[in-house]
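Q: sharing a model prediction with you, sequence too.
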Amino acid sequence: MSTTAGNLHLSLHDIQRFGPDPLNTFKANLVKVEERIVSACRRAGRDPRSVRLLPITKTVPAHILRLAFDAGIRNFGENRIQEAAGKRRVLGALPVEWTIVGHLQTNKVKYLTRFASAFHALDSLRLADLLNTRLERESRLLDVYVQVNTSGEESKFGLEPDALLPFIETLHQFPHLRPRGLMTIAPLSQDTERIRPCFRLLRRLRDEAVKRNPAIKELSMGMSSDFEQAIKDGADVVRVGQAIFGRRPTPDTDYWPNVVKR
């Protein structure tokens with residue numbers, strides 16, 4: 001079955017997951033998400049231009065991402081570096097930016113520094129040092145967000161809140177890293193009393209961190225299930241996947257092993 005995007009053919013599996021017309025589905029979903037962002041900003045008394053949408057494309061096959069590009073998406077957020085690298089090879093010179101949002105093993109640093117423009121899960125000095133060394137070798141810079149474990153769950157990656165400020169003070173040692181802000185993952189819950197403390201804590205930590213490092217300005221927080229609450233609590237970047245691309249075929253634990261139990 002052909003779509004409106006050139007000679008791309010959809011398999012039965014593609015149609016079952018994304019429908020017969022993924023391009024227009026993605027366009028419509030993108031409009032809905034952007035409208036929700038605008039509405040959430042207005043309720044919070046914020047300028048909608050102050051919030052940036054990062055579409056999360058994990059599990060979406062490379063050939064389908066061509067349709068996401070045709071729908072207007074120019075930044076692909078991926079959890080697994082090897083999956084992102086494979087998609088980039090398939091998509092070739094497609095002019096998109098790649099953002100890695102998941103935990104990065106130190107032996108995968110060399111893959112990230114070759115193409116990613118941003119990394120939302122910096123959580124150790126060793127990782128910062130390895131990234132900086134590779135980036136220096138490749139004459140590149142990388143935007144980074146420091147991940148903080150605001151929920152207190154042992155299963156999550158990220159710095160403990162008390163460790164953040166000392167960590168922030170060391171970032172000047174890594175000139176090829178460009179600190180942009182902080183990132184967190186709230187529990188997947190409909191209970192705002194569980195979610196809000198995580199977002200509020202990250203905001204308080206940012207307010208303290210920016211005094212030590214003025215570049216730490218942004219808050220990367222909020223996903224498909226909670227991004228409106230995150231905006232209310234100050235999010236500058238919201239990471240939205242399923243509200244744009246539909247339900248994933250695998251549970252989140254496949255992409256966040258030992259990180260979140262959902």
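A: That came through, no problem.
Q: so the residue nearest to residue 171 when sequence neighbours are not counted, which state does it fall into?
A: Counting by C-beta to C-beta, 6 or more residues apart in numbering, residue 171 lies nearest to residue 179, which is 5.3 Å off, once chain neighbours are set aside. The way it works is simple: take the backbone N, C-alpha and C, and place the C-beta from them, glycine included. Of the three states, residue 179 takes strand under DSSP: H, G, I helix; E, B strand; the rest coil.
Q: run a quick neighbour tally on residue 179.
A: Residue 179 has 22 neighbouring residues, counting by other C-beta atoms under 10 Å.
Q: ditto for residue 221
A: Using other C-beta under 10 Å, residue 221 is surrounded by 33 other residues.
Q: packing partners for the helix or strand that contains residue 230?
A: Remark: residue 230 resides in helix 227-232, with elements defined by DSSP states H and E. For helix 227-232, the packing partners by 3 or more C-beta pairs under 8 Å, 6 or more residues apart in numbering; DSSP states H and E come out as helix 22-43, helix 192-212, strand 237-240.
Q: so which of these is nearest residue 114?
A: Of all the helices and strands packed on helix 227-232, strand 237-240 sits nearest to residue 114, with 22.2 Å by C-beta to C-beta.
Q: give me the contacts around the closest one.
A: The contact list for strand 237-240 (C-beta atoms under 8 Å, 6 or more residues apart in numbering) reads 33, 37, 51-56, 77, 101, 120, 145, 181, 218-224, 227, 230-231.
Q: the closest residue to residue 201 other than its chain neighbours in helix, strand or coil?
A: Using C-beta to C-beta, 6+ apart and skipping residues adjacent in sequence, the residue nearest residue 201 is residue 150, 4.6 Å away. Of the three states, residue 150 takes coil under three-state DSSP.
Q: surely residue 150 meets residue 187?
A: No. Under the criterion of C-beta atoms under 8 Å, residue 150 lies out of contact with residue 187, with a separation of 9.9 Å.
Q: who's more crowded, those two?
A: More crowded of residue 150 and residue 187, by other C-beta under 10 Å: residue 150, with 28 against 18.
Q: which pLDDT value belongs to the more buried one?
A: Per-residue pLDDT puts residue 150 at 95.
Q: from residue 182, how far out is it?
A: For residue 150, the distance to residue 182 (C-beta to C-beta, to the nearest Å) stands at 9 Å.
Q: mutual contacts of these two, please.
A: What both residue 150 and residue 182 touch, as defined by C-beta under 8 Å, 6+ apart, is the set 202, 205.
Q: checking the nearest residue to residue 33 once chain neighbours are set aside next. Helix, strand or coil?
A: Leaving aside its sequence neighbours, residue 33 sits nearest to residue 243 (C-beta to C-beta, 6+ apart; 5.2 Å). Per three-state DSSP, the secondary structure class of residue 243 is helix.
Q: residue 133: which element?
A: For residue 133, the host element (DSSP H and E) is helix 125-138.
Q: report the angle between the axes of the helix or strand just after that helix and helix 192-212?
A: On the C-terminal side of helix 125-138, the closest following helix or strand by DSSP H and E is strand 142-147. Direction vectors for strand 142-147 and helix 192-212, defined by axes from the mean of the first three to the mean of the last three C-alpha atoms, to 10 degrees, enclose an angle of 130 degrees.
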